[in-house]
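A.B. asks: sequence first, predicted model second:
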Amino acid sequence: MKHVLIISFIMWLTGSLYAVDFEVLSDWKTAKESDGIVISYRWINISDTFKTREMKTVLFIDATPETIIKQFKSDEKLNYWTAGSRNCSVLQHKDNQWITHTTYDMPWPFTSNDLITRYRAVISDAYTTLTMECIPDFIPVQPDVSRIKHYSAYWILKPQQNGGTKVEFCTVSFTRPLFPRFIQDPVLQDIMIDSMNKFRKLSEAEQ
């Protein structure tokens, strides 16, 4: 049965996580599972004329949320694990907010693009959330690079009784795919699995 899920990025302090309202059309369906990392999708309606998918990636990491958050605040660490990136840099950092610039170098048939995101961390004993807000006008666009203008994502870090953390990463695509999903999905899923493996390895090594 269809149900409406209202989430607002502007109200992130109250626990809301996305910048858009949308209608959920389907349950989560697992698309790929490898090395303890599970990628799932569900269909949503952004508007009367635009249906798209939300992607969720879940894994467990033998590290605390405090250690895991460190992996988002360092140029060196971001460059090690960020999916499909050519270069990552932290442009601004203050308390639990920071801004990153990522230039992607994706394999054919995808094109190079970049993304500027503002991270906000909300930390509690029960869980930690990291929201990612796209701010495309923060710095000038680089030559021959397409700037991503619409992007919303969030991370939820849930401490476990064994001292580890359950990590959930969710994102919504606001652009129509350039290629059929049967071509695009396997490439992007492999990149995501590789990225999350590196993310887990780096976090656990620093615990």
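C.D. replies: Perfect, thanks for sending it. Residues are numbered from 1 along each chain as shown.
A.B. asks: quick check, pLDDT for the most centrally placed residue in the chain.
C.D. replies: By CA atoms, centre = their mean, the mean C-alpha position of the chain lies nearest to A153, the distance being 4.7 Å. Looking at A153, its pLDDT stands at 91.
A.B. asks: wait, a helix at it?
C.D. replies: No. A153: not assigned to a helix; according to DSSP: H, G, I helix; E, B strand; the rest coil it is strand.
A.B. asks: tell me which element the residue nearest to it when sequence neighbours are not counted is part of?
C.D. replies: Nearest in space to A153, with sequence neighbours left out and distances taken as CB to CB, 6 or more residues apart in numbering, is T171 at 3.8 Å. Every residue, glycine included, has its C-beta placed from N, CA and C. If you go by DSSP states H and E, T171 is part of strand 165-172.
A.B. asks: which other residues reach that strand?
C.D. replies: Contacts of strand 165-172 from elsewhere in the structure, counted by CB atoms under 8 Å, 6 or more residues apart in numbering, are 17-18, 20, 22, 44, 46, 52-61, 63-65, 68, 132, 151-160, 196.
A.B. asks: K70 against L202, yeah?
C.D. replies: No. Counting by CB atoms under 8 Å, K70 stays clear of L202, with 9.1 Å between them.
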